Structure formats: structure tokens, C-alpha cells
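> here you go, sequence then predicted model.
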Protein chains: 2
Amino acid sequence: FTLASRPKGTPTEDNFELVTEELREPADGEFVVKNLYLSVDPYMRGRMNDARSYADPVNIGDVMVGGTVGRVVASRNPAYAEGDHVMGFFGWTEYVVTNGGGASMATKVDPNLAPISTTLGVLGMPGMTAYFGLLDVCDPKEGETVFVSGAAGAVGSCVGQIAKIRGCRVVGSAGSQTKVDYLVDELGFDAAFNYKEVDDYTGKLAELCPKRIDCYFDNVGGAMSDAVFMNLNFFSRVSICGQISMYNAERPEMGPRLVLGTLLVNQATARGFIVTNFLNKFPEGVRQLGQWVAEGKIKYRETIVDGFEKMPSAFLGLFKGENIGKQLVKVADE
Amino acid sequence: FTLASRPKGTPTEDNFELVTEELREPADGEFVVKNLYLSVDPYMRGRMNDARSYADPVNIGDVMVGGTVGRVVASRNPAYAEGDHVMGFFGWTEYVVTNGGGASMATKVDPNLAPISTTLGVLGMPGMTAYFGLLDVCDPKEGETVFVSGAAGAVGSCVGQIAKIRGCRVVGSAGSQTKVDYLVDELGFDAAFNYKEVDDYTGKLAELCPKRIDCYFDNVGGAMSDAVFMNLNFFSRVSICGQISMYNAERPEMGPRLVLGTLLVNQATARGFIVTNFLNKFPEGVRQLGQWVAEGKIKYRETIVDGFEKMPSAFLGLFKGENIGKQLVKVADE
């Protein structure tokens, strides 16, 4: 799937084009990966815009970016044997010919350690985002209150559980009662609410966070963030991971100018981060999250759509909140 | 002057009451200060509201808070002799009977080191605010671009000069051509502009900060901050010191919701701070600023209004931008 056109507002399937090409032979040092799972992530929306950001936009006609995990089906690279499993940023494609370097950031995956799909989720980029975005940016202390917006997603669900391990009161917002039940009943959140059924976010947060909010892990932005800022505690820390509620806005929506003033009176800090900034610490994150998953302290869920051709609709589904946990597209069986 | 009533929106002189009382005799351990200068500061506006903040509001009928510097005219405290000069938070009053402790935070002042008025300005709270708010929160590096809003005030003018000492490109905004000339011609700012004569702040900042803004020291908030956020550089730091443009708003004004999104794509940090948080490092700040002032590397200006009864109007003048540098009220001659 290539980027056919830049969306105005909410993307549609027409923004993507399914292109079929003959696969070229791997050159010396290259190998061929057959993707088994494609990762579906909110950040991809940003790459569709021709705007200044931490990463260059995808050019029109180029393959859409994205993490994938697959199997080597041919190789002229001694480091990758046929049958090896490989995770990389190979994009929205069924097969790729690659040398594994550069932006593809290929790494071999041991399928005996954990299901290979977790390299795109709890043990991959979303897990690292949760781990470092919470621990390095917010550094929550025992007894503090942590609020996570978009709490039932791949990142948010992991953030909340890490905060519970840290001994915090953890509260989250999500977009359905099913998700709220999942957060509280399965993941051990202290409280959660369905933002689609609450009018007064500020009052709801005051009720669920009576000692105010010490750490805010923001996946969503918009009116939810406004309400959180009204409930921040002194010396609180805000980790800005995503702003999905605004990714499809053609211009910034209007809201009360309260962010800077509330940071001031609370002596609080807000920090935007990109997970690749913690790249040199990923081994620590993978090891720790892997251990917590093995011990049952971190649970994860995947929402898997079958069929490569479903990739655009699975991506569009993110903005409708169709996923619980990590959204994946399964391209092929092993 | 006591707080007579809480303002709705912009304060008026009616919010203050001039109360005359017989001065009581100092008890053992107390002394009497005759104030010579009263400090006039934007933060006082916050104390007039009955709102949650880092400091309790002034109660109706209580003396308005504020820093002052004066002379001991009677003493039953061995640490303070008649004739000593004393700086403290004695409030909007001509005389005070105090033991110097608690919230009054009295400290003796050596009038031979620098004019005593500087203990309320460049060598006092505003100077410390500039010093730690810039160096600890933003930590500007040589060659970076620093933008200061409210640049001609007591804090802003000091911030810009410290940033110049650090080797930065320094740009500021202020509310008159006279202030702009002062910043560029006297203080060595690389550029400045009169925000009252510019419509497109975002474009103006792009022109004056072609390498974007690495450090933003915010005294003002509102539309100016929106424009700065549109010009932030990657890994930039925002030090939130004041939001004077919004202190008189009865509810937050509306603006584009862009703060969190721009922090995210720039991997930037915004931090609100209160100067008293750096209290244990004040000696370092006073020593360094004192040295820079003595060397002529930091210049300062004072706008002095004569007469205790002018205190309310001098305070209201802050919101009209009447001051260049530190606004003071002179209560009495030595």
C-alpha cells in the first residue's frame, strides 16, 4: 500500500493505493522477508501530512511506513537465514527485499521467547513507549495518582499496569464500557470511565482522583487534556505521547488557554517525547517488560484483523476506537 | 493598604482600602521597620483571587502582600539595630512591627554593596526569578535562540541579558517602541518587537528567529505563547514564569489547542516554576548577578513612583505596561 494522496481531515481508503509489483531478486547482503503481521499505529497519521515533525512525511507514491514482523524466505545475507523471524520497519507490504539496515531497523526475533506479534506490541515499540514515556518522563512514586487517556490502547494499557507495579492509584479513560471493564476487571486499574458517556470530564476526574493527578500520560489531547490540567497536582508531570483526538483536525481546534497557566500554578512539567529517543535503553525495557509479562504482572491483548487488504480499514479503525490493546493485521500464517 | 474586595476581571483602586492604625510597641524580639520602597509585581494579582494556587490568597481585610525594603527605626531584637536596612515581605504598608521570621522572610541589607532598591529587583526576587528560571529550567546553550516575552520588565530584561552572557541569540517582545529600543540599544538584545504593532506574531517570530526558538521564557502567555509554540525547535525548553496577559481574565480565553501537540512533535518540555523553589540556591544567584551588575554585564532600570498612596495605581499600571524594568513605589527618603 502506497500513500496515494494526503488526507484533508479524516483519512479514507482512497488515500492509499494497493500496488502490485514483481519482487526483485535480493542483491548480495540482502534478504527477502514475508511479513506475517503488520503493526497499526496512530503515529502513521502524522506521516501522511506534509508538515514539519520529528520524522519526514511519507512521499506520495511511497510505501506507507510501519513496523512489521515476518519470516525470511530467501537470503543473501549471512546474518539472516531462511526461516528466521525478523521485526523491522518494512511498511505496509506483504514482502520486502532489504539489507535490514537504515530506517528498516531490522532485528531478529526468537519465536520461542514470546509470540512474534508481541514485537509489535507489548515487547515492541508500544511497550517501549509506555515504559520510558511513563518511567523516564513522569517517574511516578508510590501512592501517587496516575491518569492515562486512551487507556485501553496498546500503549495506555501497558502504562496503567506499569504504574500499578509502581504502587500508584491508576485511573484511565476509554471509549466504551467493554474497554472500561477490561481496564478495571482484567488490568487492575483502580478506576476508569467511558468518555463518550461523561459530559463533565473535569468533575469526573475530580471524583476519581480525589488527591488530584500527579502523573498524566496523554495519548489523546483535546478536551480530555483540558480537564486533566484542571486536576493537576503540585509538581505533577505530564508525558505527552499522542494527541489522537486532534490528528484529523485540519487546523487546531479551539479550547480554553489553560495549559501554561495550570503548569505555572502547579509548578508542573509537560514533556513531549518520541520513543526512538530512548533507543539506547530499549534492551532494558524489553528485558523488564518481558519479565513482567512472563510473571503475569503485565497482561496484553491484541485485536487482529485478517488479511493484508484490510490494512487501510484497520488503520482507519484506530480513529473510531475499534481496537482493544494492540491493533494488528495478520498477513499470512507461519 | 488592605484587600477590600476580590476583583472581577481587571482590578480597580476600589479593591484596596487605605487603613490607618496606631503602630503597636514592639514586643521582645520584635523590631519596627519603616519601609522606603515597596515592590510592585504581577504575582500580586494572583493573591487577590480566592483560587487554588501555590500560595494562599490574601484574605479580605488583610494587608496586601509584597516585598519591601526599609530601615529599622526601633528594635527589641539584638539581630536588628536601629538604622539597619532590612528587606522582607512586609506588605503594602509604611511601617511594620515584626520579628522578621515566618512569611516576612526578613534579611538585612548592606546599603554599601548596591542601592537598597536592587534587593527588590535585579538582586532580589525578580533577579532570582530570571536567573534560575532561565538557567535551571531552560539551560540555554551557546548559539541557541532564546525568546523572552514581556522582555522589558524586571524579570524579562534580566533574562535576556543572562542569555546574552550565555552566548545565545536573544529576541524579546514588549509593548512600546521605547521599550524595544531599550532592549536592543541598551541591553544588547539581538532583536525585539512591539507586540502592539504586529498582527502576525507567528510570522514575526519566524523572521526574527530563523533557526527557531530553543528556549522560551514566558512572562505573558496568551496569543504570544501560541505564536512561540508554532516556532519551537526540536528539544526546546519553555520556562513558564508568568501569564500576565491572562491574569485579569474571568475565565480562560479561547485559543487554538496547540501547546501539547507542538511539545510532542518537537520533543519539547514546558515547566512552570515558582522562584521560592530555588530558595536554597539564592546565595549563588545573588553573588553571580551582583558580580555581573558590578562588571556592567547586566544593566537594570527602575521605574519609581513617589508616594505610598500611589501603590494601587502603580500596581494597576503593570497591566498597562507602564513600567520599564522594575516597578517600585518610593515611600520615604532615607
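Cool, the structure landed. Numbering: from 1, shown residues only, chains lettered A, B, ... in the order given.
> can you give me the strands for the stretch 101-250 of chain A?
A:107-109, A:145-148, A:169-174, A:191-194, A:213-218, A:232-240 (DSSP state E, counting those that start in this stretch).
> show me the contacts for the residue most central in space within chain A.
Nearest to the mean C-alpha position of chain A, by CA atoms, centre = their mean, lies residue A:126 at 4.3 Å. Contact analysis of residue A:126 by CB atoms under 8 Å, 6 or more residues apart in numbering or on different chains lists A:41, A:120, A:153-155, A:158, A:326. Just so you know, the C-beta spots here come from the backbone N, C-alpha and C atoms, and that holds for glycine as well.
> 6 Å instead, please
Taking CB atoms under 6 Å, 6 or more residues apart in numbering or on different chains as the criterion, residue A:126 is in contact with A:154-155.
> circling back to that earlier point, can you lay out the strands of the stretch 101-250 of chain A as a markdown table showing mean pLDDT, mean neighbour count and distance to residue A:311?
Output for the strands of the stretch 101-250 of chain A, formatted as a markdown table (pLDDT from 0 to 100; neighbours: other CB atoms under 10 Å in any protein chain shown; distance: least, CB to CB, whole Å):
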| stretch | mean pLDDT | mean neighbour count | distance to residue A:311 |
| --- | --- | --- | --- |
| strand A:107-109 | 95 | 17 | 21 |
| strand A:145-148 | 98 | 30 | 27 |
| strand A:169-174 | 98 | 28 | 24 |
| strand A:191-194 | 98 | 20 | 28 |
| strand A:213-218 | 98 | 28 | 27 |
| strand A:232-240 | 98 | 23 | 27 |
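> for chain B, find the nearest of the ones you listed.
strand A:232-240 (4.7 Å; CB to the nearest CB).
> how far off centre is that closest one?
21 Å (CA atoms, centre = their mean, to the nearest Å).
> and the contacts of whichever helix or strand comes after that strand?
On the C-terminal side of strand A:232-240, the nearest following helix or strand under DSSP states H and E is strand A:254-256. Under the criterion CB under 6 Å, 6+ apart, residues A:226, B:252, B:254, B:257 lie in contact with strand A:254-256.
> from the contact counts, what lies against the next helix-or-strand element following strand A:254-256?
Per DSSP H and E, the first helix or strand lying C-terminal to strand A:254-256 is helix A:259-266. Packing partners of helix A:259-266 (3 or more CB pairs under 6 Å, 6 or more residues apart in numbering or on different chains; DSSP states H and E): strand A:232-240, strand B:232-240, strand B:269-272.
> pretty sure residue A:121 sits against residue A:155.
No: counting by CB atoms under 6 Å, residue A:121 stays clear of residue A:155, with 9.5 Å between them.
> between these two, which one's more packed in?
residue A:155 (30 against 27; other CB atoms under 10 Å in any protein chain shown).
> show me what contacts that one?
By CB under 6 Å, 6+ apart, residue A:155 lies in contact with A:126, A:129-130.
> apply 8 Å and report the result again.
A:126, A:129-130, A:133, A:219, A:241-242.
> how much space between residue A:55 and chain B?
9 Å (CB to the nearest CB, to the nearest Å).
> okay, that residue: pLDDT?
Here, the pLDDT recorded for residue A:55 equals 89.
> swap in the one 3 residues further on?
At residue A:58, the model reports a pLDDT of 97.
> so it touches residue A:51, yeah?
No: using CB atoms under 8 Å, residue A:58 is not in contact with residue A:51, being 11.9 Å away.
> the more surrounded of the two?
Neighbour count, other CB under 10 Å: between residue A:58 and residue A:51, residue A:58 has more, with 22 against 10.
> mind checking which of the helices and strands packed on helix A:259-266 is nearest residue B:314?
strand B:232-240 (25.2 Å; CB to CB).
> pull up the pairing partners for the closest one, direction included.
Here strand B:232-240 has these sheet partners by DSSP bridges: strand B:213-218 (parallel), strand B:269-272 (parallel).
> please enumerate the helices of the stretch 101-250 of chain A.
A:125-135, A:154-165, A:177-181, A:201-208, A:222-229 (DSSP state H, counting those that start in this stretch).
> which phi and psi values does residue A:10 adopt?
phi -70, psi 130 (degrees, to the nearest 10).
> is chain B within reach of stretch A:26-41?
No: using CB under 8 Å from any CB of the partner chain, stretch A:26-41 stays clear of chain B, with a minimum separation of 14.4 Å.
> that older thread, distance to residue A:184 added to the strands of the stretch 101-250 of chain A, as JSON lines?
Formatted as JSON lines, the strands of the stretch 101-250 of chain A follow (distance: least, CB to CB, whole Å):
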{"stretch": "strand A:107-109", "distance to residue A:184": "33"}
{"stretch": "strand A:145-148", "distance to residue A:184": "13"}
{"stretch": "strand A:169-174", "distance to residue A:184": "9"}
{"stretch": "strand A:191-194", "distance to residue A:184": "5"}
{"stretch": "strand A:213-218", "distance to residue A:184": "17"}
{"stretch": "strand A:232-240", "distance to residue A:184": "22"}
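> tell me which of these lies nearest to residue B:25.
Among these, if distance is taken as CB to CB, the winner is strand A:232-240, at 39.8 Å.
> that closest one to helix A:222-229, inter-axis angle?
Strand A:232-240 runs at 140 degrees relative to helix A:222-229, counting by axes from the mean of the first three to the mean of the last three CA atoms, to 10 degrees.
> number of nearby residues for the closest residue in space to residue A:226 that isn't next to it in sequence?
Once flanking residues are discounted, residue A:226 sits nearest to residue A:255: 5.6 Å by CB to CB, 6 or more residues apart in numbering or on different chains. If you count neighbours by other CB under 10 Å, residue A:255 ends up with 20.
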